[in-house]
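Here is a sequence with its predicted model. Questions after.
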Amino acid sequence: MSTCRLVCLATLLSLVLATVVSAQNPLAKSTTESKGSKRIIDLTHSFDGRTIYWPTEDGFNLVRGSAGVTEKGYYYAANRFNAAEHGGTHVDAPIHFYKDRKTVDEIPLERLVGEGIVIDVTDACDKNPDYQIGIGDLRRWETTHGRQLVDVIVLLRTGFGRHWGNRERYLGTTKTGAEAVNDLHFPGLEPSAAIWLVEHRAIKAIGIDTPSIDHGQSRLFESHVNLFKHNVPAFENVANLDQLPSEKFTVIALPMKIGGGSGAPLRIIAMLTKPK
Ligand SMILES: [Zn+2]
């Protein structure tokens, strides 16, 4: 056998091997696909002892159970957790602020999955932590993109996501309990903008990278009330909004399906479509 034949045979063999390996390893294939067309961004903060909850709530509590090799030889781990519905990355179901509206298990999946867009107000919120996103901010996006906010999941990027983990910066106070509520300072959606969205536009859902869709200094939670009257759910404490473009991505937001729940922990992701 000549040297050329040997080299050719070796090349052929490595090609065959590579094909077999990639066929056996679906992850290898999906990695290639993700390079070409889609990228998945996790918009969810982890639930652990540092997760930020409303100051009047206890935090997330993971109760460690057994973890180790059993007498029968297999490894086994199982824990318990307890937590408020509203804390960390979560959904507010319409019933949270409006009687006879949808509970978390009743929210139609069509509202939780769909095209996402980002309204960026980071500069305004850096200057004023009490900033409220107004109709002007929403219309600016429409003018820039030449379309209306219809059939989309609107994500409000205040930039506060980067303060996650620092209660003083993220909430405006490190206090807990009822007296902390007066000291909350973070941006939210202006009630007039909430009314405009439900009366003049038709969005699927709305999300924000702060603890509440109403800003920290709100006392009547009117954005909650107006959105929920129209059964538009809200996602709060959404993570990684800085990694999203202003449009051309899909949001998948699946909360724990708590029967009769007013809200629930939420796993939310975005799938980016890259230009070809
Ligand atoms: Zn909530």
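Here it is on my side, so go on.

Counting neighbours, what do you get for the closest residue to the ion within the chain?
For the chain and the ion, the shortest gap (CB to the ion) falls at residue 86, measuring 3.5 Å. Yep, even glycine has a C-beta here, placed from its N, CA and C like the rest. Residue 86: 21 surrounding residues under other CB atoms under 10 Å.

model confidence over stretch 183-195, on average?
The pLDDT scores in stretch 183-195 average 98.

buried set for it?
184-191, 193-195 (16 or more other CB atoms under 10 Å).

For those, give me JSON lines that also has secondary structure.
What follows is the buried residues of stretch 183-195, written out as JSON lines (DSSP: H, G, I helix; E, B strand; the rest coil):
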{"residue": "184", "secondary structure": "coil"}
{"residue": "185", "secondary structure": "coil"}
{"residue": "186", "secondary structure": "coil"}
{"residue": "187", "secondary structure": "coil"}
{"residue": "188", "secondary structure": "strand"}
{"residue": "189", "secondary structure": "strand"}
{"residue": "190", "secondary structure": "coil"}
{"residue": "191", "secondary structure": "helix"}
{"residue": "193", "secondary structure": "helix"}
{"residue": "194", "secondary structure": "helix"}
{"residue": "195", "secondary structure": "helix"}
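
now the residues you listed as JSON lines including distance to the ion?
Output for the buried residues of stretch 183-195, formatted as JSON lines (distance: CB to the ion, whole Å):
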{"residue": "184", "distance to the ion": "13"}
{"residue": "185", "distance to the ion": "18"}
{"residue": "186", "distance to the ion": "13"}
{"residue": "187", "distance to the ion": "16"}
{"residue": "188", "distance to the ion": "12"}
{"residue": "189", "distance to the ion": "13"}
{"residue": "190", "distance to the ion": "18"}
{"residue": "191", "distance to the ion": "16"}
{"residue": "193", "distance to the ion": "18"}
{"residue": "194", "distance to the ion": "15"}
{"residue": "195", "distance to the ion": "20"}
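
now the helices for this protein?
Assigned by DSSP state H, the chain shows helices spanning 3-24, 26-36, 109-112, 122-127, 135-145, 167-171, 191-200, 222-229.

quick one: contacts of the shortest one?
When contacts are taken as CB atoms under 8 Å, 6 or more residues apart in numbering, the neighbours of helix 109-112 outside the stretch itself are 91, 204-205, 231-233, 252-255.

That helix - what's its average pLDDT?
Mean predicted lDDT for helix 109-112 stands at 98.

just checking: which of the contacts of helix 109-112 also lie near the ion?
Contacts with the ion within those, counted by CB under 5 Å from the ion: none were found.

Of those, which belong to strands?
Per DSSP state E, strands hold the following members of those: 91, 205, 252-255.

and those, which are buried?
Counted by 16+ other CB under 10 Å, the ones in strands among the contacts of helix 109-112 give 91, 205, 252-253, 255 as buried.
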